[in-house]
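J.: structure for this input, please:
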Amino acid sequence: MVRCRLPIEPGDIPDSITDITLSTGFNQLKPGSIPRNVTTLNLGQTKINLFDQPGIIPDSMEKLWLGEGHTDAIIPGRLPMSLTMLHTGYSNHPILPGTLPRSLTELHIGHTFDQVIAPGTLPSGITTLTFGSQFNSELVPGVLPSSLKTLKLSSIFNKELSIGALPATLQELDLGFCYSHQLVRGVLPDNLQSLVLGRLYTHPMLPQALPQSLTHLSLGAAYLESLGILPESLTSLSYANDRLLRPLSPCHTPDTFSQCRIQRVTLNAKCREATQYLPPNTLFHGHVQTLVLENYPYFKNNGYQTVLSYIDTQIPNFIQTDQNIMIRPLDRRYLLAKVSKSRLVIVDLANVKNKSSTLTLFD
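T.: Numbers count the residues shown, from 1 in each chain. Purely as a prediction, here's the structure:
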């Protein structure tokens, strides 16, 4: 890795270097400055225009970050045909057909980009595509590559996705914070395995709207709608509002989890209104193996009570990510706890009943 703010002349960098990261403020590159053996180039926050003249980017380049300082248009024909990963920087210029090399498999579009993308513009071999925070242009059928497997939309994206807009190959989809249009049957491809819905998605789950291939579903903090009957394939559920699965909640019925075998449940309680309720394994017909708490505001100061609540769920394994703790109950009194990579302890709850902090709970 080379970090430099001085002008780089051809021959300054040894041919043995393969990865280069340029520091903030650097703005001088010439044809031949980057050795042919370099496969990874990160421009960081520099304002270098690699497209002023040909030959600056060597034909061997495989991964390229244009950086936060890059605001220029990408000129067709200037990107090497060997490129497999590209981050477009902060450019908000239209991407013309033929601009991106066919060799690309991973594309990250920068935070300021919000331009209409014409069908056929993105190379068909792209398997991973992420959009920056400002993208909110319509994605009509044919825009997204036919080989796409992973798609992450921007935090403000809220253009309705029509049937056929998402390619049949898609396996992982993050709809972003603002997507609020109701998902109907046929919008999500039949091969989809993971679906992340943002905070503004608050529609009931319509029959057959979720594909039978789905294994992971993540719901936002505002989701308090009917879950319907979840797909048979579902094995992982993440949610952020603990009222969703309370006993008298209208969001679920005895049939909601009747067809699936949920094995992992994650409560990501970022919102401060989260309380102490943890769902029992009986709700999931006893299939859950692991309960995960993330961003859980009550755990730090109410660790003891939280652990007791967890034991009542009768879920075999417990993970608290904020404190990096894993627990397996041995019985109502003793716990087997993993508190570091190399440390397992047996905890007697009777000895720590009056301690509130999880950090002291396992010291």
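J.: check which helix or strand Ser309 maps to.
T.: helix 303-313 (DSSP states H and E).
J.: for that helix, name the packing helices and strands.
T.: In terms of contacts (3 or more CB pairs under 8 Å, 6 or more residues apart in numbering; DSSP states H and E), helix 303-313 is packed against strand 290-294, strand 317-320, strand 325-329, helix 358-361. In short, each C-beta sits where N, CA and C put it, glycine included.
J.: same thing but 7 Å
T.: Here helix 303-313 touches helix 358-361, going by 3 or more CB pairs under 7 Å, 6 or more residues apart in numbering; DSSP states H and E.
J.: show the average pLDDT along the helix it packs on.
T.: Taken as a whole, helix 358-361 has a mean pLDDT of 45.
J.: on that earlier part again, return the distance of the helix holding Ser309 from the chain's centre.
T.: Computed by CA atoms, centre = their mean, to the nearest Å, the separation of helix 303-313 from the middle of its chain amounts to 29 Å.
J.: rounded mean pLDDT for it, please.
T.: 86.
J.: same check on stretch 219-238?
T.: Average pLDDT, stretch 219-238: 96.
J.: how about the helices of the stretch 151-300 of the chain, start to end?
T.: For the stretch 151-300 of the chain, applying DSSP state H, counting those that start in this stretch gives no helices.
J.: ok, back up a step: what inclination does the helix holding Ser309 have with respect to strand 290-294?
T.: Using axes from the mean of the first three to the mean of the last three CA atoms, to 10 degrees, one finds that helix 303-313 and strand 290-294 are set 150 degrees apart in direction.
J.: for helix 303-313, buried residues please.
T.: By neighbour count with 16 or more other CB atoms under 10 Å, helix 303-313 contains the buried residues Gly303, Tyr304, Thr306, Val307, Tyr310, Ile311, Thr313.
J.: can you list the low-confidence ranges for the stretch 1-150 of the chain?
T.: 1-6, 24-25, 27 (pLDDT under 70).
J.: show me the strands in it, by range?
T.: Remark: strands assigned in the stretch 1-150 of the chain by DSSP state E, counting those that start in this stretch are 19-21, 40-42, 63-65, 85-87, 106-109, 128-131, 150-152.
J.: for Asn268, find the nearest of those.
T.: Checking these against Asn268 by CB to CB gives strand 150-152 as the closest, at 17.0 Å.
J.: show residues contacting that closest one.
T.: With CB atoms under 7 Å, 6 or more residues apart in numbering as the test, strand 150-152 has contacts from Thr127, Thr128, Leu129, Thr130, Phe131, Leu144, Leu170, Gln171, Glu172, Leu173, Asp174.
J.: recalculate using a threshold of 8 Å.
T.: Identification of contacts with strand 150-152 by CB atoms under 8 Å, 6 or more residues apart in numbering yields 127-131, 144, 166, 170-174, 176.
J.: next, format the strands of the stretch 1-150 of the chain as CSV and append distance to Leu237 and mean neighbour count.
T.: Listed next are the strands of the stretch 1-150 of the chain as CSV, based on distance: least, CB to CB, whole Å; neighbours: other CB atoms under 10 Å:
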stretch, distance to Leu237, mean neighbour count
strand 19-21, 39, 16
strand 40-42, 37, 19
strand 63-65, 35, 19
strand 85-87, 32, 21
strand 106-109, 28, 20
strand 128-131, 24, 20
strand 150-152, 20, 19
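J.: mind putting the ones you listed into TSV with distance to Asn351?
T.: Output for the strands of the stretch 1-150 of the chain, formatted as TSV (distance: least, CB to CB, whole Å):
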stretch	distance to Asn351
strand 19-21	51
strand 40-42	52
strand 63-65	52
strand 85-87	52
strand 106-109	51
strand 128-131	48
strand 150-152	46
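J.: Leu206: which of the ones you listed is closest?
T.: strand 150-152 (21.3 Å).
J.: which residues touch Leu192?
T.: Contacts for Leu192 (CB under 8 Å, 6+ apart) come out as Leu166, Leu170, Gln171, Glu172, Leu173, Pro211, Ser213, Leu214.
J.: just the buried subset of the residues you listed, written out for ChimeraX, thanks.
T.: Per 16+ other CB under 10 Å, the buried members of the contacts of Leu192 correspond to this ChimeraX selection:
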select :166,170,171,172,173,211,213,214
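J.: now flag whichever of the contacts of Leu192 is closest to Arg199.
T.: For the contacts of Leu192, the nearest to Arg199 is Leu173 (16.2 Å; CB to CB).
J.: pretty sure the closest one sits against Val196.
T.: Yes - judged on CB atoms under 8 Å, Leu173 makes contact with Val196 at a distance of 7.0 Å.
J.: how about Glu209: what's its closest non-neighbour residue?
T.: Small correction: residue 209 is Ala, not Glu. Of all residues not flanking Ala209 in the chain, Leu183 sits nearest, at 4.7 Å (CB to CB, 6 or more residues apart in numbering).
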